[in-house]
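[1] Take a look and give me a structure for this.
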Amino acid sequence: MIFFHRTITVLIFAQVIFISNVFAQKASDWLFSGQFNVSYSEKVRVQVGNVAEDKTKKELHSGTKVGTVSIDPETISKMEAATGTHFKIEIKKIGIGDLRDIFLTNIEQNQKIKGLYNVKSHKFIFGSTKSEGTENGKCGKIGIGVIKGNLTTHNKAIENGEFGMGFIAGCNPIFISASATFYFTGTFAKETIPLNTNSTIQNVWSSNVDTNKIKSILTNGRWEPVFWSHNETVVNGKPTDFAHFKTSGAYQGVLLGLPSSGTWKYDGSNQSIALALTSGTTIYFITELNDSTIKCNSFNDEFKLKRTATPKNLEIVSAKTVMLCKKWNVSSYRNGLMMIQPKPGDYVQYYSDGTYEQILMGVYARGTWKWETGETKITVTCNGINTWDLASLSNAEAKFKKSANEELILK
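    Alright, predicted model coming up:
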């Protein structure tokens, strides 16, 4: 779900996607497509836990230690075989700001991964946030970590290349996560699609987009998902899921019924939203935006959202309705001898347009409410129908009762 906490929290790491078949693309889609021969330095950086040491390939092949942990030469050989020496690089012509999708194919392994390329700095990065761990408890499991570097002028060479691999070391008596960084350079071999140096690099957005107008669209209502793909798998959200960008810079959202809150900031230079939640900051690139629709993506997720109205308080209502219609923290709930301790952040919200929202025990729900019997009772329709007697109401506290033994206090 867009703008929620179950997403990658570091901008530069793109999700690794292994693809066995070839993408159907037209030659006009690419800014560049070519092959490179890759060679590796003798130096390898190995990190085990908090200890990192530079080793030579000779040391690693003969068996060595990093700190007190022995490095298995067979695991090193497996990683070297997985790095590859022949790469194909493809860069998409159209992108967001200075960023373009870039694809790297390990020709020997027939594996393709997707990353980001900066057309100004010529730097590229691919990466994975998935920890490979162990497979059926076996030691020596390896997985690709981060691959980065930069292309020289006219994409004729790769410089400052780093190929990161994760692996399991110290298998006896316990498993220990480790990583190795192989340093490489690339020599241009051939173009598979010629570089069009005479064409203007295209962007999805024009340079004169009004930032204030974009912010106005984002804050004009809530946004509910109509499509959500996580790691290229379609996910069905809940009807109550939404994202709300408030004009104050605050953010409120719900993912699969679970609420999240934080702050948001729009960056007009690359048409992105930085969403800061307790789990970290996620960057979302907006690819389409109008008064009714948002399309955007992070490195793990792709979304399409539609705008819906924000619940509102009406101007002409009774004095008691004005007092009730606000956000109340759940103070206590008693049902006979049973006392339920609310979670931090639990609340109920009444709007004078008859809309009702709640977070109880950390789970979000919405519904409706209405007065009964001359504003002495209230009926809430949300996960069922509940009618409460209004025992007392002030600006500081609302007390509801169903019977002498069941009581809800809001503050």
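[2] what are the ranges of the helices in this protein?
    57-62, 73-83, 211-219, 319-324 (DSSP state H).
[3] For the third one, which helices and strands make contact with it?
    So that's helix 211-219. Applying 3 or more Cβ pairs under 8 Å, 6 or more residues apart in numbering; DSSP states H and E, we find helix 211-219 packed against strand 258-267, strand 280-289. Every residue, glycine included, has its C-beta placed from N, CA and C.
[4] S332: which of those is closest?
    strand 258-267 (20.5 Å; Cβ to Cβ).
[5] what bridges to A169?
    Counting by DSSP bridges, A169 is bridged to I176.
[6] distance of it from S70?
    Spatial separation of A169 from S70 under the definition Cβ to Cβ, to the nearest Å is 8 Å.
[7] So for these two, which residue has more residues nearby?
    A169 (23 against 15; other Cβ atoms under 10 Å).
[8] before we move on, back to that, and the helices of the chain as TSV, adding distance to R307?
    Formatted as TSV, these follow (distance: least, Cβ to Cβ, whole Å):
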stretch	distance to R307
helix 57-62	56
helix 73-83	46
helix 211-219	8
helix 319-324	27
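[9] Need the ones you listed in JSON lines (columns: mean neighbour count).
    JSON lines is the format used below for those (neighbours: other Cβ atoms under 10 Å):
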{"stretch": "helix 57-62", "mean neighbour count": "14"}
{"stretch": "helix 73-83", "mean neighbour count": "17"}
{"stretch": "helix 211-219", "mean neighbour count": "15"}
{"stretch": "helix 319-324", "mean neighbour count": "14"}
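[10] Which among those is found nearest to I283?
    For the helices of the chain, proximity to I283 was assessed by Cβ to Cβ; helix 211-219 is nearest, at 15.0 Å.
[11] All the strands of the stretch 51-200 of the chain, in order from the start?
    Assigned by DSSP state E, counting those that start in this stretch, the strands in the stretch 51-200 of the chain fall at 51-56, 64-66, 69-71, 86-92, 99-106, 111-118, 123-127, 142-151, 157-169, 176-193.
[12] Please identify which of the ones you listed is closest to M339.
    Using Cβ to Cβ, the nearest of those to M339 is strand 176-193, at 43.8 Å.
[13] Settle this for me: T381 is touching W369, isn't it.
    Yes. Contact criterion Cβ atoms under 8 Å: T381 and W369 qualify, at 7.2 Å.
[14] Name the residue in the two with the higher neighbour count.
    W369 (22 against 14).
[15] What residues are bridge-paired with the closest residue to that one other than its chain neighbours?
    Using Cβ to Cβ, 6 or more residues apart in numbering and skipping residues adjacent in sequence, the residue nearest W369 is Y356, 4.3 Å away. With DSSP bridges as the criterion, Y356 is bridged to Y350, G367.
[16] Is K92 in contact with L31, as I believe?
    Yes. Between K92 and L31 there is a contact at 6.5 Å, judged by Cβ under 8 Å.
[17] intersection of neighbour lists for the two?
    R100 (Cβ atoms under 8 Å, 6 or more residues apart in numbering).
[18] The two: who's more crowded?
    The neighbour comparison of K92 against L31 (other Cβ under 10 Å) goes to L31, with 23 against 19.
[19] how close does that one get to T293?
    Taking Cβ to Cβ, one finds L31 at 27 Å from T293.
[20] now do T373
    Per Cβ to Cβ, T373 is found 44 Å from T293.
[21] Need the pLDDT of L195.
    Note on L195: pLDDT of 44.
[22] typed the wrong thing, it's G253
    92.
[23] For it, which residues count as its bridge partners?
    Taking DSSP bridges as the rule, G253 bridges to A243, S260.
[24] all numbers from here: first residue = 12
    Yep, numbering from 12; the last one is G264 now.
[25] what's around it, how many residues?
    So G264, with other Cβ under 10 Å, has 25 neighbours.
[26] Likewise for S132?
    Counted with other Cβ under 10 Å, S132 comes out at 10.
[27] same thing with S52?
    With other Cβ under 10 Å as criterion, S52 counts 14.
[28] Thank you kindly, that will do.
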